[in-house]
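[1] Sequence plus predicted model, see below.
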Amino acid sequence: MRSCVIALLLSVTTLDAARAAKGAGPVKVFPVAADSIRAVYEKDRADTEKQLREGPTSYLAAVARTDFGEKTALVLGRAADCDLRVDDPEVAAHHLRVTVAGDSFRVEAVDDTAHFLVRDDALRSATLPPGFVRVGRFMVRLSHQRFPALIVFDPKSPAFAKYHGLAWYPPDFAYRFVAFLTPNPKADTTVIMSTRGNARRAVLAGWFDLAVNGKPVRLEAHRLLEPGVDEKSVSIFFRDATTGGETYSVGRYLDPQPLPNGAWLVDFNYCYNPACATSPYYNCPIPSKANTLKVAIRAGEKDSHYLH
């Protein structure tokens, strides 16, 4: 549905590169498109709340995490000597051994009675990309990010009792832009620090120049160099004048959407909190100093105060 709205937006708006270089202002949204765009925002927010409220891999379902650190393999199970202990009858004493294999993971059942599910297939061993496997009622995330870890999700997590919805600013087309990305002529690998203290590799792909509330703003656009990240995508990790007050203290994220004419939809109504705003079991990029804005971006997700 969102792609249909983008196509409609392109049919009623124009933008040239010269304007983008000066800082693209908010795109004009005609009445014929406005209701459809608002409906997309509403659905996106409802889906996000439903996933948090009841999803098997909701941030609230996360109950344990162990990083590989210097180890190449971790054992998950019920026994006290496991690297990641899940003390539950549905889990064998030594259920899984997970080994980092390049950008993938080698997953092997250890005890004779143990197995794991990938979708609906019961397996004893497999080499898998980053993703999820199921052990009993638990989902286990094989998290890579060049800083591999195992994260356990429990549909009976006590954190679900803390659910109190999410908060957003009302949709505001003043924060909806169509802009060209100014490419970085020296797109070398850079480092983005994370909330768990490790350095995550990324490419500074370029910059978006916008006019936000009439003020020029330049935003760095990065692409994390991690398994599973689309090589054609970019992300904006930013802070603004609302950060630490109305919005989450670490900052917020936005994933611009490429358009057929080479421009990008940069719509702050879609900006969202990192997972670490809701759960302590995540590792989230910290916005760079260059992406700390003096203007207030009163669009997208607010801080719902799940963690204090």
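    Yep, it's here.

[2] Check which element follows whichever strand in the chain runs longest along the chain.
    As assigned by DSSP state E, the longest strand anywhere in the chain is strand 199-212. Using DSSP states H and E, the helix or strand that follows strand 199-212 in sequence is strand 215-224.

[3] any idea how far the residue most central in space within the chain is from Arg196?
    In the chain, the centroid-proximal residue (C-alpha atoms, centre = their mean) is Pro274; its distance is 6.0 Å. Counting by C-beta to C-beta, to the nearest Å, the gap from Pro274 to Arg196 is 12 Å. All C-beta spots, glycine's among them, are computed from the backbone N, C-alpha and C.

[4] swap in Arg146?
    According to C-beta to C-beta, Arg146 stands 12 Å off from Arg196.

[5] Between the two, which is the more surrounded one?
    Arg196 (17 against 13; other C-beta atoms under 10 Å).

[6] how far does stretch 122-139 sit from the chain's center?
    Stretch 122-139 has its average C-alpha position 21 Å from the chain's average C-alpha position, going by C-alpha atoms, centre = their mean, to the nearest Å.

[7] what distance separates the start and the end of it?
    Counting by C-alpha to C-alpha, to the nearest Å, you get 14 Å between the two ends of stretch 122-139.

[8] can you check stretch 90-97 too?
    Counting by C-alpha to C-alpha, you get 16 Å between the two ends of stretch 90-97.

[9] what comes up buried for it?
    Neighbour counts over stretch 90-97 (16 or more other C-beta atoms under 10 Å) mark Val91, Ala92, His94, His95, Leu96, Arg97 as buried.

[10] Among these, which are located in strands?
    Short answer: the buried residues of stretch 90-97 in strands (DSSP E) are Leu96, Arg97.

[11] With respect to Leu142, which of the buried residues of stretch 90-97 is nearest?
    Nearest to Leu142 out of the buried residues of stretch 90-97 is Leu96 (C-beta to C-beta; 10.2 Å).

[12] Just give the nearest non-adjacent residue to the closest one, would you?
    If the residues on either side of it in the chain are set aside, Leu96 comes closest to Leu76, at 4.6 Å by C-beta to C-beta, 6 or more residues apart in numbering.

[13] Leu293 against Asp240, yeah?
    Yes. Assessed by C-beta atoms under 8 Å, Leu293 is found in contact with Asp240 at 4.3 Å.

[14] Past the helix or strand hosting Val40, which element shows up next along the chain?
    Using DSSP H and E, Val40 sits in helix 31-54. Counting by DSSP H and E, the element after helix 31-54 in chain order, helix or strand, is strand 62-67.

[15] So which bits of the very next helix or strand once past that next one are buried?
    Once strand 62-67 ends, the next helix or strand along the chain (criterion: DSSP H and E) is strand 73-77. Going by neighbour count (16+ other C-beta under 10 Å), the buried part of strand 73-77 is Leu74, Val75, Leu76, Gly77.

[16] now do stretch 283-291
    Asn283, Cys284, Pro285, Ile286, Pro287, Ser288, Asn291.

[17] ditto for stretch 161-172
    With burial defined by 16+ other C-beta under 10 Å, the residues of stretch 161-172 counted as buried are Tyr163, Leu166, Trp168, Tyr169, Pro171.
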